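Asker: would you be able to build a 3D model of this:
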Amino acid sequence: MAIEKLESGNYYHIYSHAVGGRDLFRTPDNYDCFLSLYDKYISPIAETFAWVLMSNHFHFLVRIKENVCYKYSNADGSFDAVRFNEIKWETTDLSVCEAPDSVKIPKPEKHFSHLFNSYAKYYNTKYGSKGTMFERPFKRKLIDNKEYLKRVIRYIHNNPVHHGFCEHILEYPWSSYLSCISIKPTKLQREKVVGWFDNKANFKTMHDKKVEIIEIEKWLDL
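Answerer: Prediction:
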């Protein structure tokens, strides 16, 4: 089956599991490292609306940005994880770029690949392990319905409850739920997320209601 390409302007549920029954995260430092790498590789090309990191899997709800390009500062114009810091990011109208030979439209799939490879390198070095950590290719589902968008957000935030890590989502630190109900600065698209639920009070109320776990996981092929 063909893997769906990530198209600019679209919303996607991005998710993946560890391979071979291994854990992706052992300590708080592991979670923090993954989120830091996520910000480095994914934030330039996608807006994030919800996320959760579990011990052996994760979920993200993102929207791929439009009119994003980057200009190379390295001479040969190559792009890999090692030279990622040399890239000058711009959001622009690609039709009026002054120097098209030095401009490249990012491939979102490549950015996720850099994220996973960079984290695997960190993890394997730290714990003396080897091999691939994430299922390949990573899974993605196009979300083109507002009601399902809201269901997916509730599903993502309630994942720790569903898997028995806590009794209420307030108790779990590694999801975007706490950012959504907080007033602290965040790169999460908090205002849009809460706005989809009308207001913060209704956001909390809807998250306390039963989530259609079986229906959603069947749709996600989990």
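
Asker: where does the chain dip in pLDDT?
Answerer: Residues of the chain that meet the criterion pLDDT under 70 lie in 1-2, 70-104, 214, 219, 221-222.

Asker: domains of it?
Answerer: By the assignment in automatic domain parsing, the chain contains the domains 11-66+107-220, 68-104.

Asker: end to end on the longest one, go ahead and measure it.
Answerer: Criterion CA to CA, to the nearest Å; first-to-last residue distance in domain 11-66+107-220 is 15 Å.

Asker: residues contacting Asn159?
Answerer: By CB atoms under 8 Å, 6 or more residues apart in numbering, the contact set of Asn159 is 52, 54, 59, 175. Placement of C-beta: from N, CA and C, glycine included.

Asker: repeat the analysis, applying 6 Å as the threshold.
Answerer: Applying CB atoms under 6 Å, 6 or more residues apart in numbering to Asn159 gives the contacts Val52.

Asker: follow-up on the earlier one: just the domains of the chain: most buried one?
Answerer: For the domains of the chain, the largest average neighbour count (mean count of other CB atoms under 10 Å) is found in domain 11-66+107-220, namely a mean of 16.

Asker: which residues does the most centrally placed residue in the chain bridge with?
Answerer: Centrality entry for the chain: nearest residue to the mean C-alpha point is Phe60, 3.8 Å, by CA atoms, centre = their mean. With DSSP bridges applied, the residues forming beta bridges to Phe60 are Ile14, Trp51.

Asker: so it makes contact with Ile14?
Answerer: Yes. The pair Phe60 / Ile14 is scored as a contact, 4.4 Å apart, by CB atoms under 6 Å.

Asker: look up how far Lys187 lies from the residue nearest to Ser175 when sequence neighbours are not counted.
Answerer: Leaving aside its chain neighbours, Ser175 sits nearest to Val52 (4.0 Å; criterion: CB to CB, 6 or more residues apart in numbering). For Val52, the distance to Lys187 (CB to CB, to the nearest Å) stands at 16 Å.

Asker: and Glu147, how close does it get to His13?
Answerer: Between Glu147 and His13 the computed distance is 14 Å (CB to CB).

Asker: same question, Val211
Answerer: 14 Å.

Asker: please apply the same query to Tyr172.
Answerer: Tyr172 is 19 Å from His13, where distance means CB to CB.

Asker: need the contact partners of stretch 19-29.
Answerer: The contact list for stretch 19-29 (CB under 6 Å, 6+ apart) reads 18, 31, 55-56, 132, 135.

Asker: please state the offset of the helix or strand in which Val152 is found from the chain centre?
Answerer: According to DSSP states H and E, Val152 maps onto helix 146-157. The chain centre lies 14 Å from the centre of helix 146-157; the measure is CA atoms, centre = their mean, to the nearest Å.

Asker: repeat for stretch 143-153
Answerer: Computed by CA atoms, centre = their mean, the chain-centroid distance of stretch 143-153 equals 16 Å.

Asker: dump the C-alpha coordinates for that stretch into PDB.
Answerer: The C-alpha coordinates for stretch 143-153 follow below in PDB (Å, rounded to 0.1, in the frame of the first residue of the first chain):
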ATOM      1  CA  ILE A 143      -7.600  14.800   9.200                       C
ATOM      2  CA  ASP A 144     -10.100  16.800   7.000                       C
ATOM      3  CA  ASN A 145     -13.100  16.900   9.300                       C
ATOM      4  CA  LYS A 146     -13.300  19.400  12.300                       C
ATOM      5  CA  GLU A 147     -15.300  17.000  14.400                       C
ATOM      6  CA  TYR A 148     -12.800  14.200  13.900                       C
ATOM      7  CA  LEU A 149     -10.000  16.700  14.600                       C
ATOM      8  CA  LYS A 150     -11.500  17.300  18.000                       C
ATOM      9  CA  ARG A 151     -12.000  13.600  18.600                       C
ATOM     10  CA  VAL A 152      -8.300  13.000  17.800                       C
ATOM     11  CA  ILE A 153      -7.200  15.700  20.200                       C
END
